[in-house]
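**Student:** Dropping the sequence and predicted coords here.
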Amino acid sequence: MDFVAYFNLAFLVFIVNALPAFMPPTWMILVFFLTTKDLFSVPVVVIGASMALLGRMCLYYFSSKSNRHLPTKMSNNYIELGKILGKNKVLSLPLFLLFAFYPLPSNQLFIMAGLSKLNPRLLAISFLGGRLLSYSFWVGGARAIDKNIEVMFREGFEPKSVVTIAITMLLLIILPGLVDWKKIASRLSDLCL
C-alpha cells in the first residue's frame, strides 16, 4: 500500500478545500490519484470526503472571522440570512445537500455560512454524507472508464472556463450580502399570518 500517495492525496484535498477560489473540484483530484497512483477506492473516498470537510471548515472559520471587515449593512444581511437558514431546516437541509452532491466546488456555501454565522453542524453533517456518496459515484465511475480519464487529464480544461466559473461563484458569495434578508423575512411572515 502506497501510504505516501494517500498522505499526498489527503494534504492536497485539504489545501484545495481550504482555499476560497480558483481550485479544481475535489472529485477530479480523487479520480486523478485513483487512476494514476492505482489506489484503492474506499480509502480514496473516505480521505477525500473527510479532508474536504476539514478544509471547508477552515474556510468557514476564516470567513466567520472576516465578517468584521465587511460594510455593516452587508454584514448584517449575511447574519440575518444565517438566522433564517438556522431556523428553517426544511429550507437549509436540501440546500446543503444540493451543494454536497453538486460536482462544482462548494467553497461559496462555506464562505456564506461563515459570513452568516450559521451553525456549522448541520452543514458539516450534510456535506460529509453527501460527499461520501458523490465521491463514491465519481470514483466508481472512474474505475469503470479508466482509460478515458487519462485522456481528460492529459488534455486538461480550458483556463477561460475555469476562471469564468470561479468568478461566477465569487459573485454568488457577494449577492446574498446585498439582499435585505430581514425585510424579506418580515414580509414572508406577514404573508403567512
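**Tutor:** The structure has been received and is ready for your questions.

**Student:** Show me what whichever strand or helix holds Ile29 packs onto, helices and strands only.
**Tutor:** Element membership for Ile29, per DSSP states H and E: helix 26-37. Applying 3 or more Cβ pairs under 8 Å, 6 or more residues apart in numbering; DSSP states H and E, we find helix 26-37 packed against helix 3-18, helix 41-66, helix 120-144, helix 146-155. All C-beta spots, glycine's among them, are computed from the backbone N, C-alpha and C.

**Student:** list the helices and strands the second one packs on?
**Tutor:** What that stands for is helix 41-66. Helix 41-66 packs on helix 3-18, helix 26-37, helix 107-115, helix 120-144, going by 3+ Cβ pairs under 8 Å, 6+ apart.

**Student:** Report the buried residues of the longest one.
**Tutor:** In other words, helix 120-144. Within helix 120-144, the residues that count as buried by 16 or more other Cβ atoms under 10 Å are 120, 122-124, 126-128, 130-132, 134-136, 138-139, 142.

**Student:** do the second one as well
**Tutor:** Judged by neighbour count using 16+ other Cβ under 10 Å, the buried positions of helix 26-37 are 26-35.

**Student:** So Trp20: helix, strand or coil?
**Tutor:** No, residue 20 isn't Trp; it's Pro. State at Pro20, reduced to three classes by DSSP: H, G, I helix; E, B strand; the rest coil: coil.

**Student:** Quick check on it: phi, psi?
**Tutor:** With angles defined as degrees, to the nearest 10, Pro20 sits at phi -80, psi -20.

**Student:** Next one: it from Leu115, what distance?
**Tutor:** Distance, Pro20 to Leu115, using Cβ to Cβ, to the nearest Å: 11 Å.

**Student:** the more surrounded of the two?
**Tutor:** Each of Pro20 and Leu115 has its neighbours counted (other Cβ atoms under 10 Å); Leu115 has more, 25 against 18.

**Student:** what sits against that one?
**Tutor:** Contacts for Leu115 (Cβ atoms under 8 Å, 6 or more residues apart in numbering) come out as 63-64, 66-67, 70, 75, 78, 82, 173, 177.

**Student:** Name the member of those with the most neighbours.
**Tutor:** For these, the largest number of neighbours (other Cβ under 10 Å) sits with Tyr78, at 27 neighbours.

**Student:** ok, that residue to Val45 distance?
**Tutor:** Distance, Tyr78 to Val45, using Cβ to Cβ: 33 Å.

**Student:** what do you get for Leu59?
**Tutor:** Leu59 is 21 Å from Val45, by Cβ to Cβ.

**Student:** Let's have the contacts of Leu115 in TSV, adding pLDDT and distance to Phe110.
**Tutor:** Output for these, formatted as TSV (pLDDT from 0 to 100; distance: Cβ to Cβ, whole Å):
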residue	pLDDT	distance to Phe110
Ser63	90	7
Ser64	90	10
Ser66	84	12
Asn67	75	13
Leu70	83	16
Ser75	86	17
Tyr78	84	13
Gly82	84	13
Ile173	75	10
Gly177	81	15
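
**Student:** Among the residues you listed, which one lies nearest to Phe11?
**Tutor:** Nearest to Phe11 among the contacts of Leu115: Ser63, at 21.8 Å, using Cβ to Cβ.

**Student:** No more questions from me, cheers.
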